[in-house]
Each structure stands twice: as C-alpha cells, then as structure tokens.
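Enquirer: from the sequence below, what's the structure:
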Amino acid sequence: MKRGRTNLKEEFVVLDDGLVELHDTSKVQEWFEGSLQVCMDRSGIHHGHAMSTSSLRRTTTTPDKYLSLLISFVVPFRIVRRLFQTAFIPANAEGLPPDYLHFQAWDTAQALCSYIRGCLTTAALLKGAGVGDSTATAAGAALQWAARDASAHVGGITFAMWGGSQLGADSKQWRLAADFMNNLGLALELASPLLRGPYTFLAVACAGSLCRAICGAAAGASRAAFTAHFAASASSSLDPADIAVKEGTQETAASLIGLAAGSLLVRCISHSIRLQWICFLTLTAAHMWLNTRVVLSLRLRNLNRERATLALRHFLAEGVAPTPAELSSRESLMPIWRRRLPHVELGTPLRAIVHDINGETLGDAIARCGRVAEKHLARKRADGRGVAVVIRRGAGAQDTLAAYTHGILLSDNDLRERNLAFTPAFWDEYSNSLIAAGWNLNASTLAPGAWRADW
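Expert: Predicted coordinates:
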C-alpha cells in the first residue's frame, strides 16, 4: 500500500490493486488551491491582475478531476509493473542471489544478437534452397531441409553421448563453448548459398546445423545447472520450475524483439552481401563479448575439479578458503583453455589399487589408512599415471569431495614435497573453511566414475 505525496499523504491511499481510498475532500480542496496559487505565481499572474471567470474556469480543475488524472497515471503503471513481474520475474524474487540479475541482463542481450543473426542466416538458407529460382522445386527444397534436420539430430545425440556428466560439471566453460559453436554454425549457414553446386551448399548447410545442434545440447545442460544454482543459492524458498519457466518467457520476449529487428534488418540490407557480412560479424563480436560477461557474472557455489583444485591451493597458501566471488575470476573460460589439473582417477575399480599394493592385502591397506579409509581409498599409481581413488558405496557429496582432495594432495608434487598428509583433522578444518566461505558441499560436480566398492 502506497500513500499520497506532499500534504495529501494522510488524505488518500493508493491500494495495491490500484484503487484509491479518499479520506477528506476538504483537505484535497485546500491543497489544490495552494498548488494553483503556486502555478499562477510562476506564470506571472498576481492577485491584482484581472482574470475573467471563463479563463479561470478553463485554467482550474476540480479536486475530483485532479485525483482522477493522478489515478489515471498511477493505476496503469502499477498494473503494467505487476503484469511484467508475473510474466518475467520468479515469485519471491527478493530471495534470488545477487548474480541472478546480472546474468539475466547479459543473457538477454546476447540472445537478441543471436535472433537478429538468425534472420540473416534463414534468408541465406532459403536463397540457397532455391527460393526465387524458377528451376527449383518444392520437393528438392524439402529434401534439403530434411537433410539439415537429420544431421542436427544425429549430431545432438552423438554429442550428448560423448559429453555426459562433464556438461554439468563444467557448465560455465561449456556454455561459452556452446555459443562459439553457435556462431560457427551461423557463419556456415550464411556462407552456404555463396558456394557453387547444390551438393556443396547442402554439405555446408548440414555442417552449420550440426554445430547449432551441439550448441543446443551444451547450452541446455548449462542452463539446467545455472537454474539449480539460482534455486540453491536463494535465501528463501524458490521453485526451480518457476525459475526455469520465467527464464523461458524472458527468452521468448528476447526472441520476439530479435525477430522483429532482424526482419527489418534483412529488408534493409538484403541487396548487399557485403553489408550482410559486416552486420553479421559485428553482431558476432558483440555476441561473444556479451557471453563472456554472462559467464563472468556467475558465482557458482559448487566445486567442480578446477574450482576444488584452486580452492585447495588457496587454502594451503592463505590459511582460509576463497569465496565463490574470489574464485570466479580465476576460472578458465573454455574447456580447452583449462589449467593443467592433477591427474586424479576418481571412482576407479578396486583392482586399480589392489594391483599397486605390492603384496599387501586389501585389509592391511584399509587398516593402515585408518579413519581416512571409511569412505575412500587413494594411492599413487606405481606406473606414475596419477592417483587412483576408490569410492566406497554409499559415499555422499562431501565424501566424494574429500576423496578428490586426498587425490590432489597425493598427485601434486609441490604439495607432496611439503609433506602434507590427508588426515581427518585436516579435512574437518578445510571443509569448515569452505562452508564459512559460502561453498555448497552437498552438491557434487566432480564427475566421478561409476565404480563403487564395499569393504
């Protein structure tokens, strides 16, 4: 509920549904006459000047009409704002994490660039399929379109089989890689009608569809990870489905605006291939910059392998764990640019460790490890190929993180030279520091192997 301004604040109330409750009309009349006198003074009209009754009647307005004019501006604004919040903002939005607004702003801007360029590439594909060519047939164009769709489906399935759990574990990196593939696919589609021969056009167009399908698979997995992050980071109870739906409506609104702008752009520059490529390359550069801002704006609170490695090294150097905001700027932007991480085989079969025990029985190895062996076993491989870590059946997310931390300490030569050992006391201190810094240890994104063992 919002009260009226100035001297009227105790005399009328604008309710949440836009209705107005009037308390005392005499006060409204008094305030209106005072406001009218101020307006007359500013316009040079004084009490000594003659002013006809008809002119005054045309100049003045009754208090009821003034209030009606005021309400006509206040009520529609409140209604539009409420409709906007209902359509695009999740319920209980005050509980969303600080990075949500920055992420959505940058994400909406990059989506506009994609949809505008999509209009350019659609026009190019239609031209390559024979639109405007008297010798082309509808059946031939349909077959070419079907071939593009088939290549996209096959590529999406193959990439999903190959990517697996890495898409969710390295969601920020794969999000940027997905947008790079999308840009490559759009460039191939725009260039396809420039190539001579129907088969060459079809091959390049199918390659473009393949790249965009890979983008769809990687971006979809990253989007799901980001939605889970916003829901888990919220200070109040938020429905992940509501967040996903509102992100979908934001994407739809961006697509409508982008399609309208793209259609206008196509009409203006369709006569010049050079102008089309200048606009496309300019929008592509803006798109990649905006997506970089999208990734950098996120403050993910779960630990994947890279973040876990950086956090452990920071803890050993500074004595306290870094916050998600401190670690965000140090992450790699693309999967192929990732720093060289310790080679830790997390979730290996038991034989990987038994083979390296050199005559020691499994029971002796477990007894020697003590409390550390309650949920995992870690040993440096005899052949020097990193560290093998066996995870016990029933281990949770924190147990998996403890196993990976143990593997880092064994595989990193610099840490080994400092004689740092993984002990229950060390893990308790380190995990408590991570929790105090704001990390969520109950969500594992370390992508361990599927093997589990019982002992």
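
Enquirer: tell me if I'm right that Glu247 and Arg223 touch.
Expert: Yes - if you go by C-beta atoms under 8 Å, Glu247 and Arg223 touch, sitting 7.3 Å apart. The C-beta positions use only the backbone N, C-alpha and C, and glycine is treated the same way.

Enquirer: flag the shaky bits of the stretch 201-350 of the chain, pLDDT-wise.
Expert: Under the criterion pLDDT under 70, the flagged ranges of the stretch 201-350 of the chain are 234-237, 335-339.

Enquirer: mind doing that once more with 90?
Expert: Confidence mapping of the stretch 201-350 of the chain against pLDDT under 90 gives the ranges 201-202, 205, 216-255, 270-272, 304, 317, 319, 328-345, 347-350.

Enquirer: tell me where it has strands.
Expert: Ranges of strands in the stretch 201-350 of the chain, per DSSP state E, counting those that start in this stretch, are 344-346.

Enquirer: isn't Met181 right next to Ala219, touching?
Expert: No - counting by C-beta under 8 Å, Met181 stays clear of Ala219, with 9.1 Å between them.

Enquirer: neighbours around Ala425, how many?
Expert: 8 (other C-beta atoms under 10 Å).

Enquirer: any idea how far it lies from Ser431?
Expert: The gap separating Ala425 from Ser431 is 11 Å, by C-beta to C-beta, to the nearest Å.

Enquirer: give me the longest helix you can find in this protein.
Expert: Longest among the helix segments of the chain by residue count, using DSSP state H, is helix 198-233.

Enquirer: for that helix, buried residues please.
Expert: 201-219, 221-223, 225-233 (16 or more other C-beta atoms under 10 Å).

Enquirer: and it, what does it pack against?
Expert: The elements that helix 198-233 packs onto, with contact taken as 3 or more C-beta pairs under 8 Å, 6 or more residues apart in numbering; DSSP states H and E, are helix 99-129, helix 138-163, helix 166-169, helix 171-191, helix 240-269.

Enquirer: run the angle between the fourth one and helix 138-163 for me.
Expert: What separates the directions of helix 171-191 and helix 138-163 is an angle of 160 degrees, with axes from the mean of the first three to the mean of the last three C-alpha atoms, to 10 degrees.

Enquirer: packing partners of helix 171-191?
Expert: Helix 171-191 packs on helix 99-129, helix 198-233, helix 273-297, going by 3+ C-beta pairs under 8 Å, 6+ apart.

Enquirer: okay if I get the ones you listed as a markdown table plus distance to Arg452?
Expert: As requested, the helices and strands packed on helix 171-191 are exported to a markdown table (distance: least, C-beta to C-beta, whole Å):
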| stretch | distance to Arg452 |
| --- | --- |
| helix 99-129 | 35 |
| helix 198-233 | 24 |
| helix 273-297 | 33 |
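
Enquirer: between those helices, which one is nearest to Lys380?
Expert: Nearest to Lys380, of all the helices and strands packed on helix 171-191, is helix 198-233, at 31.9 Å by C-beta to C-beta.

Enquirer: quick one: that closest one to chain centroid distance?
Expert: In terms of C-alpha atoms, centre = their mean, to the nearest Å, the centre of helix 198-233 is set 14 Å apart from its chain centre.

Enquirer: report the angle between it and helix 171-191.
Expert: Using the same axes, to 10 degrees: helix 198-233 against helix 171-191 is 150 degrees.

Enquirer: still on that earlier bit, what's the most buried one of the helices and strands packed on helix 198-233?
Expert: Comparing these by mean neighbour count (mean count of other C-beta atoms under 10 Å), helix 171-191 ranks first with a mean of 23.

Enquirer: how far off helix 99-129 does that helix point, in degrees?
Expert: Using the same axes, to 10 degrees: helix 171-191 against helix 99-129 is 20 degrees.

Enquirer: can I get helix 171-191 in CSV? Just the C-alpha atoms.
Expert: C-alpha atoms of helix 171-191 as CSV (Å, rounded to 0.1, in the frame of the first residue of the first chain):
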residue,chain,number,x,y,z
SER,A,171,28.8,-25.7,-17.0
LYS,A,172,30.4,-22.2,-17.3
GLN,A,173,33.0,-23.4,-19.8
TRP,A,174,30.6,-25.4,-21.9
ARG,A,175,28.2,-22.5,-22.0
LEU,A,176,30.8,-20.4,-23.7
ALA,A,177,31.9,-23.3,-25.9
ALA,A,178,28.3,-23.7,-27.0
ASP,A,179,28.0,-20.1,-28.1
PHE,A,180,31.2,-20.4,-30.0
MET,A,181,29.7,-23.4,-31.9
ASN,A,182,26.5,-21.5,-32.5
ASN,A,183,28.5,-18.6,-34.1
LEU,A,184,30.4,-21.1,-36.3
GLY,A,185,27.1,-22.8,-37.3
LEU,A,186,25.5,-19.4,-38.2
ALA,A,187,28.6,-18.4,-40.2
LEU,A,188,28.4,-21.6,-42.2
GLU,A,189,24.7,-21.2,-42.9
LEU,A,190,25.3,-17.6,-44.1
ALA,A,191,28.1,-18.7,-46.4
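
Enquirer: from here on, count from 169
Expert: Happy to do that; since the first residue is 169 now, the last one works out to helix 339-359.

Enquirer: average pLDDT for it?
Expert: What helix 339-359 shows for mean pLDDT is 91.

Enquirer: and the angle from it to helix 441-465?
Expert: Between the axes of helix 339-359 and helix 441-465, defined by the same axes, to 10 degrees, the angle is 170 degrees.

Enquirer: the nearest residue to Ser496 once chain neighbours are set aside: what's it in contact with?
Expert: Leaving aside its chain neighbours, Ser496 sits nearest to Arg467 (5.4 Å; criterion: C-beta to C-beta, 6 or more residues apart in numbering). Residues in contact with Arg467 (C-beta atoms under 8 Å, 6 or more residues apart in numbering) are 265-267, 401, 492-493, 496.

Enquirer: what do you get for His455?
Expert: Counting by C-beta under 8 Å, 6+ apart, His455 has contacts 278, 281-282, 285, 347, 351.

Enquirer: can you pull out the strands in the stretch 519-623 of the chain?
Expert: In the stretch 519-623 of the chain, the strands defined using DSSP E, counting those that start in this stretch lie at 544-548, 555-559.

Enquirer: if we can go back for a sec, out of the helices and strands packed on helix 339-359, nearest to Leu427?
Expert: helix 267-297 (5.6 Å).

Enquirer: now the angle from the closest one to helix 408-437?
Expert: If you take the same axes, to 10 degrees, helix 267-297 sits at 40 degrees to helix 408-437.
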